[in-house]
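Participant: using only what follows, build the 3D model:
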Amino acid sequence: MDKTMDSTDRYISVSTFSDMIKLSMERLFPGTIYLKGEISGFRPSSTGHWYLTIKDDEAVISAVIFKGTHSSILDDFNKSGIKNIKDGQEVLVEGKINLYKKSGSYNIIINKMKPLGIGELYFKFEELKKELSELGFFDQAVKKNIPSHPRVLGIVTSPTGAALQDMLNVLKRRAPGIQVKIFPVAVQGDNAKNEIVKAINYADFNFINDGKDKVDVLILARGGGSIEDLWPFNEKIVAYAINKCNIPIISGIGHEIDFTIADFCSDLRAPTPSAAAELVSKSSEEINSTVSSLQLRIQAVMKSMIRNARMRFDAVSSTKLNRAFRRIYESKLQDHAYLDEKIRNIFKNKITSYRHSLELVNKRLIALNPLNILERGYSVVYRVDDGKLISSVGSIDNHDLIKVVMKDGDFKALVENKDF
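Facilitator: I've put the predicted structure just below:
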């Protein structure tokens with residue numbers, strides 16, 4: 001029995017051991033701890049406290065700022081010209097080390113925090129944002145219109161993330177008829193940017209060439225996270241892929257307070273992945289509401305047009321109508337007289353032209369008539385028995401009976417002798 005007691009005496013409870021670690025830490029760091037690092041994962045809680053981590057290139061320490069300290073810290077930030085606390089800011093921190101027994105983790109309870117400058121990632125973000133803005137990547141003129149009723153939707157996201165399931169649930173509820181094509185990529189890590197670019201380029205290739213994976217609109221999506229988690233969507237190659245893509249792109253990255261370079265380059269930004277799915281999936285209630293609204297607008301326009309026409313008609317007296325009709329009648333009468341005169345002149349000119357042509361033909365026929373030669377003292381001689389014209393002495397014989405035609409008559413003669 002005593003031997004058993006000896007074997008368990010050296011064991012202590014977890015809480016006792018945690019107290020010993022806490023006491024050792026407090027003895028090792030009895031006063032204020034001064035740290036320099038970059039804010040990451042800044043998260044206000046429902047209790048009013050702020051939770052965050054302070055990090056550098058090689059280490060991360062969890063930290064908490066209780067709500068009673070908020071005002072003094074914000075004052076220090078405002079004095080430096082910074083209105084809000086956000087990820088990427090480099091800060092100087094003063095606080096006490098603390099061991100939280102229930103989680104077995106230690107953190108820093110911050111009582112003072114001053115901005116030292118923009119953190120490295122935030123600086124890169126601002127520099128790239130400025131560069132792309134100057135190149136016109138964010139201009140509204142280059143934004144493509146989002147189709148209101150797409151048939152095929154493409155989603156570039158992690159196939160295992162909660163964001164995808166949230167979007168699929170929204171689409172199933174609101175627009176089950178939309179066909180969804182998922183382009184699986186890593187949304188975190190060193191190779192994520194390359195996978196995202198490859199997926200966008202693949203979708204764009206199918207869009208241009210009418211391929212089997214052609215989509216009408218593309219959603220870039222991932223859930224919330226720190227600036228490091230979201231960094232693939234802040235890479236330049238992703239921005240260029242979005243800019244040159246021919247497909248309308250909606251970004252749904254992180255939470256409402258998160259902004260990435262991809263958000264600025266996309267044709268439309270949604271605050272969350274679920275909101276992006278809602279933007280491309282009009283529910284039946286929304287469609288019916290739109291149709292009803294259009295019907296009401298059409299009816300209102302038609303009623304207004306009819307009312308205005310009736311008012312204009314009522315404002316016109318019978319005298320004014322008679323004058324208007326008289327003006328129209330006189331104008332048409334003048335047009336008729338002008339056309340009548342024009343037609344008469346055309347026919348007159350044609351008849352004169354035809355008469356002149358006939359006179360010329362007649363003169364030519366008269367000039368060619370052989371009987372007109374007789375007027376100049378010539379005669380025409382025919383043989384009586386066959387009626388042939390005699391044009392040579394050789395064509396007649398002695399004792400032939402001939403007929404001589406002259407201008408004023410003819411006579412017959414008998415050939416007694418012919419001379420050559």
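
Participant: counting neighbours, what do you get for the closest residue to residue 275 other than its chain neighbours?
Facilitator: Among residues not flanking residue 275 along the chain, residue 252 sits closest, at 6.2 Å (C-beta to C-beta, 6 or more residues apart in numbering). For glycine as for every other residue, the C-beta is placed from the backbone atoms N, C-alpha and C. Residue 252: 29 surrounding residues under other C-beta atoms under 10 Å.

Participant: pull the longest helix from this protein.
Facilitator: helix 318-368 (DSSP state H).

Participant: against residue 277, how distant is residue 219?
Facilitator: For residue 219, the distance to residue 277 equals 7 Å [C-beta to C-beta, to the nearest Å].

Participant: overlap in contacts of the two?
Facilitator: Contact criterion C-beta atoms under 8 Å, 6 or more residues apart in numbering; residues shared by residue 219 and residue 277: 167, 252.

Participant: one step back: so which residues make contact with the helix or strand where the residue nearest to residue 275 lies?
Facilitator: Secondary structure from DSSP states H and E places residue 252 in strand 249-253. Residues outside strand 249-253 that contact it (C-beta under 8 Å, 6+ apart): 144, 146, 163, 167, 200, 217-222, 230, 233, 242, 260, 262-263, 265-277, 279-280.

Participant: can you pull out the low-pLDDT segments for the stretch 301-420 of the chain?
Facilitator: Segments of the stretch 301-420 of the chain classed as low confidence (criterion: pLDDT under 70) are 316-318, 370, 420.

Participant: just list whatever residues bridge to residue 97.
Facilitator: residue 108 (DSSP bridges).

Participant: would you mind checking the contacts of strand 249-253 for buried ones?
Facilitator: Among the contacts of strand 249-253, those scoring as buried are 146, 163, 167, 200, 217-222, 230, 233, 242, 260, 262-263, 265-277, 279-280 (criterion: 16 or more other C-beta atoms under 10 Å).

Participant: list the contacts for the closest residue in space to residue 74 that isn't next to it in sequence?
Facilitator: Leaving aside its sequence neighbours, residue 74 sits nearest to residue 85 (C-beta to C-beta, 6+ apart; 7.6 Å). Listed by C-beta under 8 Å, 6+ apart, the contact set of residue 85 reads 39, 42, 50, 73-74, 77.

Participant: most neighbours of all those residues, which one?
Facilitator: residue 39 (24 neighbours).

Participant: hmm, that residue is touching residue 89, no?
Facilitator: Yes - with contact defined as C-beta atoms under 8 Å, residue 39 counts as touching residue 89 (4.9 Å).

Participant: strands along the stretch 201-350 of the chain, start to end?
Facilitator: 217-222, 249-253, 268-270 (DSSP state E, counting those that start in this stretch).

Participant: name the residues that touch the longest one?
Facilitator: Yep, that's strand 217-222 we're talking about. The contact list for strand 217-222 (C-beta under 8 Å, 6+ apart) reads 146-147, 150, 153-158, 161, 163-164, 167, 187-188, 196, 200, 203, 230, 233, 242, 245, 247-254, 262, 266, 273, 276-277, 280.

Participant: and the helix or strand containing residue 111, which residues are buried?
Facilitator: Residue 111 is part of strand 105-118, with elements assigned from DSSP H and E. Neighbour counts over strand 105-118 (16+ other C-beta under 10 Å) mark 107-108, 110-113, 115, 118 as buried.

Participant: run through who's touching it.
Facilitator: Under C-beta under 8 Å, 6+ apart, the answer for strand 105-118 is 25, 33, 35-36, 54, 61-66, 69, 72-73, 76-77, 80, 82, 88-100, 126.

Participant: next secondary structure element downstream of it?
Facilitator: Next along from strand 105-118, by DSSP H and E: helix 120-134.

Participant: and residue 25, how far from residue 96?
Facilitator: Taking C-beta to C-beta, one finds residue 25 at 10 Å from residue 96.
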